[in-house]
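# Predicted model, plus sequence, below.
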Amino acid sequence: MSVVVRFAPSPTGFLHIGGARTALFNWLYARHHKGVFRLRIEDTDRQRSTQAAIDAIIAGLKWLGLDWDDEIVFQFTRAGRHAEVARELLTAGKAYYCYCTPQELQAMREEQRAKGLPEGYDGRWRDRDPAEAPPGVAPVIRLKAPRSGETVVPDLVQGEVRKANVELDDMVLLRGDGTPTYMHSVVVDDHDMGITHVIRGVDHLTNAFRQIQLYSAMNWALPRFAHIPLIHGADGAKLSKRHGAVGIEAYRDMGYLPEAMRNYLLRLGWAHGDDETIDTAQAIAWFDLDAVGRSASRFDTAKLDNLNGHYMRAADNERLVALILPRIEAGLGHAVDATGRGRLLKGMDGLKLRARTLVELADSAMIYVRARPLTLDQKAQAVLTAEARSTLSYSVDMLMKLTEWSAPALEQIDRTIAEQRGLKLGQVAQPKRAALTGSTTSPPIYEVMEILGREETLARLRDVSIG
RNA sequence: GUCCCCAUCGUCUAGCGGCCCAGGACAUCACCCUUUCACGGUGAAGACACGGGUUCGAUUCCCGUUGGGGACGCCA
């Protein structure tokens, strides 16, 4: 049997971390088994579904590099089919009209809770004659679920989870206005789309019981279920707006690489021995559901940062420059010219070794494109004492005589100066760093000088030297 | 409240009865490398929630307690 899985988000918000991980697991499972990964937008809630959310979800998946097969299925367009199945059930006596008003149901729940009973619809219209229907109430169609015995979810991750049927009530298939509920559409669509494996968050586990009852009523073969654990915030609570970034695109904006995100998300709830850095090709080769754990995990930015640093170091320099250029130009207030771009490209090797996010990378890259005179930060100013500035002006003289403008030659000059003046190399180099970058930390300063070029280097040095 | 699930270092996890006085990674600390900061290297500190069983032997199996999470909509 070839594998067909789906990611089925509801377009009521952006693609959050949990959804992204669910999508990733589905995608990996499909790719590993050479199956099909489908995307279905669950937009049956017309009030809350928005085009903006659909766009955000699609953009998020694309950014993460999770490509889906076939056309996207929009659940709402299938409402006719959903109603058809509900009517079929009605005809077969496996579903019935329920005329309860929302207020009535509300009162029912309150009473049950007060008595400590499990909450749910009590089935009062199950066998009642529709002739007794109160006027003016548009009935819903409910599934006539079994009242005894138990329903079992055979789950690839959770094992066999069982629940007594008395705990389950007759779920609504079609609303009073004739539109299908989520519970009903999911089953019909998964069946019609030939879904073989339903991989989703454990928050859907209890839904699975009711959905299985519907599969049984229709005599449809059950898909395999795999309910994966949830991702919590650093404080252990459910991921929410309080934790800052919620949408996956926020992580893109914070400067994370999609491959780093994939690797990080993969390791949340799934492991392959002691392996940590797992690229996508390796993940596809290794991923399977049997290695998915059952306990929830917390989102840890520090580890994401570390992984991101790793993938940035491995990333192509041209790609990195392209990624940070918009941010750099925004900071500058104007476009970066060819000279600047050339410097950025040459500087990448030194820069990317020191950054954990693209934002940090862009910030540190500013040293190559900033206009003179540079603004010096506090520490840089402290380094540039009168003595340091005079040493600097001496080095300007030395540098002007230099014929070969290369990092090794530039370093040799400072070694000579240090020796002449009885200073440590750092005492000569650090003022240069301050003058050339406006800061006390940067890539190796001779590398910076080489990339900046003779003219720019000398100009920046003169800006702060004395004499 | 009812039902379901979970429980190894601060975090992510390995472990599927003896190889474990528990391994790796991130974070932390120290040292090395070094013109700064990183990277890299070496090392340190750091966990089987608790209580009962089962067993010759439990982190691993069973029960309970505690703690955490999830679900209880004509939302998805």
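Right, received. Where do you want to start?

# and the residue of chain A most remote from its centre, what element?
The outermost residue of chain A relative to its centre, with distances by CA atoms, centre = their mean, is A:Gln420 at 56.0 Å. Secondary structure from DSSP states H and E places A:Gln420 in helix A:407-421.

# quick one: the helix or strand following that helix to helix A:407-421, angle?
Next helix or strand after helix A:407-421 toward the C-terminus (DSSP H and E): helix A:425-437. Here helix A:425-437 runs at an angle of 130 degrees relative to helix A:407-421 (axes from the mean of the first three to the mean of the last three CA atoms, to 10 degrees).

# near RNA strand B, anything from helix A:425-437?
Yes - residues of helix A:425-437 are located near RNA strand B by CB under 7 Å from any atom of the strand, namely A:Leu425, A:Gly426, A:Ala429, A:Gln430, A:Arg433. C-beta coordinates here come from the backbone N, C-alpha and C atoms, glycine included.

# residues of that helix that come out buried?
A:Gln427, A:Val428, A:Ala429, A:Gln430, A:Pro431, A:Lys432, A:Arg433, A:Ala434, A:Ala435, A:Leu436, A:Thr437 (16 or more other CB atoms under 10 Å).

# And the residues of helix A:425-437 next to RNA strand B, which two are furthest apart?
Maximum pairwise distance among the residues of helix A:425-437 next to RNA strand B (CB to CB): 11.9 Å, between A:Leu425 and A:Arg433.

# Quick one: end-to-end length of stretch A:213-228, please.
21 Å (CA to CA, to the nearest Å).

# Once you drop chain neighbours, what's closest to the residue nearest the centre of chain A?
By CA atoms, centre = their mean, chain A has its centre lying nearest to A:Ile248, at 3.7 Å. Spatial nearest neighbour of A:Ile248, chain neighbours left out: A:Gly60 (4.2 Å); criterion: CB to CB, 6 or more residues apart in numbering.

# Output the set of residues of the stretch 51-200 of chain A in proximity to RNA strand B.
So the stretch 51-200 of chain A meets RNA strand B at A:75, A:100-102, A:105, A:109, A:113, A:116-121, A:137-138, A:140, A:158-159, A:161-163, A:167, A:172, A:175-177, A:181-183 (CB under 7 Å from any atom of the strand).

# can we see that at 6 Å?
The stretch 51-200 of chain A comes close to RNA strand B at residues A:100-102, A:105, A:109, A:113, A:116, A:118-120, A:140, A:158, A:161, A:163, A:167, A:172, A:175-176, A:181-182, as judged by CB under 6 Å from any atom of the strand.

# among these, which ones are buried?
The buried subset of these - by 16+ other CB under 10 Å - is A:Cys100, A:Leu105, A:Gly120, A:Val140, A:Gln158, A:Val161, A:Lys163, A:Val172, A:Thr181.

# is it possible to export those to CSV including pLDDT and distance to A:Arg224?
Compiled in CSV, these are given as follows (pLDDT from 0 to 100; distance: CB to CB, whole Å):
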residue, pLDDT, distance to A:Arg224
A:Cys100, 87, 35
A:Leu105, 86, 34
A:Gly120, 84, 27
A:Val140, 94, 30
A:Gln158, 94, 12
A:Val161, 93, 14
A:Lys163, 92, 18
A:Val172, 95, 26
A:Thr181, 94, 23
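
# Mind checking which of the residues you listed land in strands?
Those of these mapping onto strands are A:Val140, A:Val161, A:Lys163, A:Val172, per DSSP state E.

# contacts for the helix or strand of chain A with the lowest mean pLDDT?
The helix or strand of chain A with the lowest confidence, counting by mean pLDDT, DSSP states H and E, is helix A:102-114 at a mean of 83. Helix A:102-114 is contacted from outside by A:Cys100, A:Pro118, A:Glu119, A:Gly120, A:Tyr121, A:Asp122, using CB atoms under 8 Å, 6 or more residues apart in numbering.

# let's go with 7 Å and repeat that
Helix A:102-114 is contacted from outside by A:Pro118, A:Glu119, A:Tyr121, A:Asp122, using CB atoms under 7 Å, 6 or more residues apart in numbering.

# Just give me the closest of the buried ones among the residues of the stretch 51-200 of chain A next to RNA strand B to A:Arg6.
Using CB to CB, these come closest to A:Arg6 at A:Thr181, 18.4 Å.

# ok, back up a step: which residues sit against the host helix or strand of the residue nearest to A:Ile248?
Using DSSP H and E, A:Gly60 falls within helix A:51-64. When contacts are defined by CB under 7 Å, 6+ apart, helix A:51-64 is touched by residues A:9, A:11-15, A:20, A:23-24, A:41, A:247-249, A:252, A:258, A:261-262.

# Could you do stretch A:28-46 as well?
With CB under 7 Å, 6+ apart, stretch A:28-46 has contacts from A:2-12, A:26-27, A:49, A:54, A:68-70, A:72-76, A:179-180, A:182, A:185, A:189, A:193, A:197, A:199, A:283-284, A:287-289.

# Now the buried members of those residues.
Members of those classed as buried by 16+ other CB under 10 Å are A:3-11, A:26-27, A:49, A:54, A:68, A:73-76, A:179-180, A:185, A:189, A:193, A:197, A:199, A:283-284, A:287, A:289.

# With only the CA atoms kept, save the helix holding A:Gly60 in PDB.
What follows is helix A:51-64, C-alpha atoms only, in PDB (Å, rounded to 0.1, in the frame of the first residue of the first chain):
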ATOM      1  CA  GLN A  51      -7.500  34.500   2.700                       C
ATOM      2  CA  ALA A  52      -4.700  36.100   4.600                       C
ATOM      3  CA  ALA A  53      -4.400  33.000   6.700                       C
ATOM      4  CA  ILE A  54      -4.400  30.800   3.700                       C
ATOM      5  CA  ASP A  55      -1.600  32.900   2.100                       C
ATOM      6  CA  ALA A  56       0.400  32.800   5.400                       C
ATOM      7  CA  ILE A  57       0.100  29.000   5.600                       C
ATOM      8  CA  ILE A  58       1.200  28.500   2.100                       C
ATOM      9  CA  ALA A  59       4.000  31.000   2.400                       C
ATOM     10  CA  GLY A  60       5.100  29.300   5.600                       C
ATOM     11  CA  LEU A  61       5.200  25.800   4.000                       C
ATOM     12  CA  LYS A  62       7.100  27.100   1.000                       C
ATOM     13  CA  TRP A  63       9.600  28.900   3.200                       C
ATOM     14  CA  LEU A  64      10.100  25.600   5.100                       C
END
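
# Understood, closing this out.
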